[in-house]
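Colleague: Based on what follows, work out the 3D shape:
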Amino acid sequence: MEPSRIWRASRRSAVDPFRAMDVLSEANRMIARGENVISLAVGQPAAPAPRVAIEAASRLLADGRVGYTDALGRASLRERLSRHYADMYGQDVPARRIMITTGSSAGFNLAFLAAFDVGDRVAIASPGYPAYRNILRALGIEPVEIEVDAACGYVLDADHLARAHRQKPLDGVLVASPANPTGTVTPRAELARLVAFSQDAGIRFVSDEIYHGLVYSERDTTALEFSAEPIVVNSFSKFYCMTGWRIGWLVLPEDLVRPCERIGQSLYISAPELSQVAAEAVLDAAPDLLPVRDSYRRNRDRLAACLPDLGFRDLAPIDGAFYAYARVPDGQGDSTSFARRLLEECHVALTPGIDFDTRRGEAFVRISYACDPASLDEAIRRIASHLEV
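Modeller: Predicted coordinates:
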């Protein structure tokens, strides 16, 4: 029997690929063939999860029962995160406003679904993390990309936001600090201005804080220091070296707690209990992770010193996270072809900038320095040889 119509994918699925993951897939295929590839493409710490997290998970596995938790997450983990905000930021964040999520990715899904309707307009910085615009578009929300560049230190500031809002009203804004792909930290005073303007203008403020703990020039600042209204997205993936555990959290304003809980019950049931147990343990391991952060700082300093000598220009301030974002050296073509040649010819994986900026990104690449220092040194040597510098 012939189908009554031609089947096709939904329009909401027509989002751009996440090219960093495509590069990772190709690098992994090369590694599987026995090729010596150094990946500077994906924001994944080379260091393993701390031993305390693994031991806590092992104890739960030995018990033999790993099950569902409340949709909001284990009460003990939420209480521990509440203490984390008191200890790290001096903020009173009650556990009832914290929701445990299946990584920050699920956190963004839940936040966007609960806070915005189809057709709403949400401002994001460009260059910026591609999943922001992809998730927004898949949910029928319009991403409004505000261009930032070297001239403004790659910071989306309150003046940018006010101009965009005057042109056509915004319903939300997402600010990441430290930012991906640039590593830029929004200065404390500017973050306060952004939160204040958003609140006065009736714009929902979403703060991506997944790289907190990896700030090198000043202390971490959470948007919650200026208001209880921002939605905060955070994760155990970066500072705590738990990418594959897929565990993160939201801090929600009171009016969004129950909506997120209802949506989470149907979309995810709960975040994995095994990962929640490990995450609660790892919050006490911050001192053990400081040497890992020191290795990133060493890598950052190495890149900041050598990239200009290799011909990379318009380097974003490397204030935090573990990324460098820079213009491709002259004569090397667009970033997609440049990254492809580096992978094929010298087995170094970088991410083309088109992933982060669809208009100007072909002139830039993102370099992740979450690897060990020896691997970074070898990658730099290979790139220098390729460029004949």
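
Colleague: CA only for contacts and neighbour counts going forward, please
Modeller: Will do.

Colleague: Please tell me how far the lengthiest helix in the chain is from the chain's geometric centre.
Modeller: In the chain, assigned by DSSP state H, the helix with the most residues is helix 286-306. Centre-to-centre, helix 286-306 and its host chain are 18 Å apart (Cα atoms, centre = their mean, to the nearest Å).

Colleague: Return the list of helices and strands in contact with the lowest-mean-pLDDT helix or strand in the chain.
Modeller: Lowest on mean pLDDT, DSSP states H and E among the helices and strands of the chain sits helix 19-32, with a mean of 80. Counting contacts by 3 or more Cα pairs under 8 Å, 6 or more residues apart in numbering; DSSP states H and E, helix 19-32 packs against strand 348-349, strand 351-352.

Colleague: re earlier: residues in contact with the longest helix of the chain: which ones?
Modeller: Helix 286-306 is contacted by residues 47, 50, 214, 216, 239-240, 318, 322, 324, 369-373, 376 when judged by Cα atoms under 8 Å, 6 or more residues apart in numbering.

Colleague: All the strands of the stretch 251-389 of the chain, in order from the start?
Modeller: Counting by DSSP state E, counting those that start in this stretch, the stretch 251-389 of the chain has strands at residues 323-327, 348-349, 351-352, 364-368.

Colleague: Point out the most buried one among the ones you listed.
Modeller: Mean neighbours per residue, mean count of other Cα atoms under 10 Å, is largest over the strands of the stretch 251-389 of the chain for strand 351-352, with a mean of 29.

Colleague: That one - contacts with which helices or strands?
Modeller: helix 19-32, helix 335-346, strand 364-368.

Colleague: any residues touching the second one, and which ones?
Modeller: Read it as helix 335-346. 27, 37, 328, 332, 348-354, 361-365, 382-383, 386.

Colleague: And V93, its phi and psi?
Modeller: phi -120, psi 100 (degrees, to the nearest 10).

Colleague: which residues of the stretch 201-350 of the chain fall in helices?
Modeller: With DSSP state H, counting those that start in this stretch as the criterion, the stretch 201-350 of the chain has helices at 254-267, 273-282, 286-306, 335-346.

Colleague: Restricting the selection to alpha carbons, write the first one to PDB.
Modeller: Read that as helix 254-267. Extracted in PDB, the C-alpha atoms of helix 254-267 (Å, rounded to 0.1, in the frame of the first residue of the first chain):
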ATOM      1  CA  GLU A 254      10.000  31.000  42.200                       C
ATOM      2  CA  ASP A 255       7.500  31.300  39.400                       C
ATOM      3  CA  LEU A 256       9.300  28.800  37.200                       C
ATOM      4  CA  VAL A 257      10.000  26.000  39.700                       C
ATOM      5  CA  ARG A 258       6.700  24.200  39.300                       C
ATOM      6  CA  PRO A 259       6.600  24.700  35.500                       C
ATOM      7  CA  CYS A 260      10.100  23.300  35.100                       C
ATOM      8  CA  GLU A 261       9.200  20.400  37.400                       C
ATOM      9  CA  ARG A 262       6.100  19.500  35.400                       C
ATOM     10  CA  ILE A 263       8.000  19.700  32.100                       C
ATOM     11  CA  GLY A 264      10.900  17.700  33.500                       C
ATOM     12  CA  GLN A 265       8.600  14.900  34.800                       C
ATOM     13  CA  SER A 266       7.500  14.200  31.200                       C
ATOM     14  CA  LEU A 267      10.700  14.900  29.300                       C
END
